[in-house]
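# Okay, sequence plus prediction incoming.
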Amino acid sequence: MARKYFGTDGIRGKVSEPPITPDFFLKLGWAAGRVFAEAGNDFVLVGKDTRISGYMFESALEAGLTAAGVDTRLLGPMPTPSIAYLTRTLRAQAGIVISASHNPYYDNGVKFFSVLGTKLPDEIEEKIEVYLDAPMITVASAKLGKAKRVTDAAGRYIEFCKASIPTRYDFAGLKIVVDCANGATYHIAPPVFSEVGADVVAIGVQPNGLNINDNCGATKPQLLVESVLAQQADLGIALDGDGDRLIMVDHKGEIVDGDELIYIIAKSRLNEGIMQGPVVGTLMTNLGMENALEKLGIALLRAKVGDRYVLKMLAEHNGIIGGENSGHIICLDKTTTGDGIISALQIMAEMQRTGKSLHQLKGDMQKYPQILINIKLAAKVNIADYPNISAGVKAVEAKLAGQGRVLLRVSGTEPLIRVMVEGEDEVTVTALAQQLADIVKNEIGT
């Protein structure tokens with residue numbers, strides 16, 4: 001069925017604009033509660049990131065779930081991957097995260113996890129949508145749900161992260177800068193890395209509700225670059241507002257993106273004899289990664305953009321490593337979803353195992369120049385409705401002559417069209433990307 005509310009990664013938008021309103025979240029809590037109640041009588045976990053609207057939406061969701069007769073356990077500010085873990089280990093009926101991930105504070109949204117710690121199946125989301133359009137009926141008073149806070153959530157998750165690498169790894173003497181993006185990992189990531197022995201300099205750990213992802217974190221790593229160089233650190237770790245993305249910086253101040261990190265982890269698993277299946281990337285995955293993996297004898301498969309599609313393809317092909325160049329990195333041999341902290345620990349473990357710096361580890365993969373231009377939209381459009389844009393794409397592809405790629409896609413999480421051109425020569429690629437972006441702007445009138 002066509003989705004009215006759910007996108008590729010839950011429901012997301014600007015606060016105060018439908019559907020990101022308190023009344024919708026009340027109804028959403030009730031609708032989800034009705035579906036979960038039909039499947040069993042277990043409680044539901046609710047966590048959030050640090051944006052100011054999280055308090056409002058947490059209360060609304062709690063009220064809706066309660067009205068549906070479902071018990072709620074409130075976790076407070078916690079990373080998205082921690083909700084996946086805690087849903088599974090606490091045997092909750094489901095987990096709900098109030099977050100807009102890497103978006104600015106004035107956006108918010110919601111994601112769901114199943115009892116297995118994975119994204120909800122499509123059929124469950126479709127059932128929730130059916131109830132969202134049905135009249136809201138509160139259960140009898142004696143059957144109302146109850147809510148309480150979980151006080152040990154942070155400690156549980158910190159120990160889980162540390163357990164993702166063998167205890168033989170001790171990072172004493174390794175100086176790292178950790179940028180928590182003033183988001184949900186502010187009280188989680190610094191203790192994790194400190195407790196495995198690293199000398200931690202923490203930045204982006206003073207959330208005020210308005211500064212999440214504000215010129216910091218995985219989407220704006222320049223602050224981390226400057227901090228790594230100023231601190232003369234061995235590496236830097238940038239997480240996004242809800243902790244499911246990871247971008248790193250080496251000791252020279254060079255940014256190491258998701259593709260490079262996925263390559264390092266896949267090569268590590270191969271060298272340890274535990275690699276399984278192909279690596280799954282997306283349509284945005286750099287050709288350089290595909291070429292480097294091919295040299296190792298590892299296949300790369302491309303899914304649609306979105307971690308749910310990467311996860312689906314990994315499951316279909318019995319793979320364990322995948323993700324996106326934006327920093328969503330999935331290590332299914334360690335956890336059930338993308339996790340920035342756990343992914344960073346895998347990189348640090350490989351550094352210690354090989355005795356190589358992050359700069360050396362990334363050296364085996366040579367990225368193709370890839371130019372990405374984001375074009376803001378007033379409303380969502382169908383690119384196929386614009387023949388001049390299609391002709392522009394064909395013209396750019398002809399100029400690349402098989403030595404590169406072109407991708408146009410409407411973002412599933414923001415009002416943007418993303419124009420990507422990739423090829424061997426950066427000057428040519430930049431010019432072609434701008435050429436195509438100009439055509440898109442002229443046609444759509446942004």
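Alright, I've got the coordinates. Worth saying up front: this structure is predicted, and the values here are computed from it rather than measured.

# so where's the stretch 1-150 of the chain uncertain?
Residues of the stretch 1-150 of the chain meeting the criterion pLDDT under 70: 1-2.

# where do the strands sit along it?
Under the criterion DSSP state E, counting those that start in this stretch, the stretch 1-150 of the chain contains strands at 11-14, 44-48, 72-77, 94-98, 107-114, 147-149.

# Turn those into a markdown table, columns for distance to Glu422 and mean neighbour count.
In short, each C-beta sits where N, CA and C put it, glycine included. As requested, the strands of the stretch 1-150 of the chain are exported to a markdown table (distance: least, Cβ to Cβ, whole Å; neighbours: other Cβ atoms under 10 Å):
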| stretch | distance to Glu422 | mean neighbour count |
| --- | --- | --- |
| strand 11-14 | 27 | 20 |
| strand 44-48 | 36 | 27 |
| strand 72-77 | 37 | 21 |
| strand 94-98 | 32 | 28 |
| strand 107-114 | 28 | 24 |
| strand 147-149 | 48 | 13 |
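
# Need the outlier residue of the protein, farthest from its centre.
Ala142 (39.6 Å; Cα atoms, centre = their mean).

# which residues sit in contact with it?
Contact analysis of Ala142 by Cβ atoms under 8 Å, 6 or more residues apart in numbering lists nothing.

# Let me know whether Arg12 touches Asp107 as I believe.
Yes - if you go by Cβ atoms under 8 Å, Arg12 and Asp107 touch, sitting 6.5 Å apart.

# Looking at per-residue confidence, what score does the nearest residue to Arg418 once chain neighbours are set aside get?
Of all residues not flanking Arg418 in the chain, Arg409 sits nearest, at 5.3 Å (Cβ to Cβ, 6 or more residues apart in numbering). Looking at Arg409, its pLDDT reads 87.

# and Arg409, helix, strand or coil?
strand (DSSP: H, G, I helix; E, B strand; the rest coil).

# Now do it: how many residues are near it, please.
A count of nearby residues for Arg409, using other Cβ atoms under 10 Å, gives 16.

# what does the one 5 residues further on give?
Other residues within reach of Glu414, judged by other Cβ under 10 Å, total 17.

# Let me see the contact set for the residue nearest to it when sequence neighbours are not counted.
Take Glu414 and drop its neighbours on the chain: the residue closest to it by Cβ to Cβ, 6+ apart is Asn103, 6.8 Å away. Going by Cβ under 8 Å, 6+ apart, Asn103 touches Arg12, Gly109, Asn213, Gly241, Thr413, Glu414.

# about what we covered before: will you turn the strands of the stretch 1-150 of the chain into a markdown table that also has distance to Glu58?
Below are those laid out as a markdown table (distance: least, Cβ to Cβ, whole Å):
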| stretch | distance to Glu58 |
| --- | --- |
| strand 11-14 | 15 |
| strand 44-48 | 6 |
| strand 72-77 | 7 |
| strand 94-98 | 6 |
| strand 107-114 | 10 |
| strand 147-149 | 10 |
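
# Out of these, flag the one nearest His187.
Minimum separation from His187 across the strands of the stretch 1-150 of the chain (Cβ to Cβ) falls at strand 72-77, 7.4 Å.

# how distant is the closest one from the center of its chain?
A distance of 20 Å separates the centroid of the chain from that of strand 72-77, by Cα atoms, centre = their mean, to the nearest Å.

# Could you do stretch 7-24 as well?
18 Å.

# for that stretch, how far is the first residue from the last?
Distance between the two ends of stretch 7-24: 16 Å, counting by Cα to Cα, to the nearest Å.

# contacts for it?
In contact with stretch 7-24 (Cβ under 8 Å, 6+ apart) are residues 5, 28, 53, 56-57, 59-60, 97, 100-101, 103, 106-112, 304-309, 412-413.

# mean confidence score for stretch 219-230?
pLDDT averaged over stretch 219-230 gives 98.

# ok, now stretch 174-189?
98.

# First-to-last residue distance for that stretch?
Span of stretch 174-189 from end to end, Cα to Cα: 15 Å.

# What's the local residue count around Val115?
17.

# Then Leu223?
Count around Leu223 with other Cβ under 10 Å applied: 18.

# C-terminal to the helix or strand where Gly322 lies, what's the next element?
Element membership for Gly322 (DSSP states H and E) is strand 321-323. Counting by DSSP H and E, the element after strand 321-323 in chain order, helix or strand, is strand 329-331.
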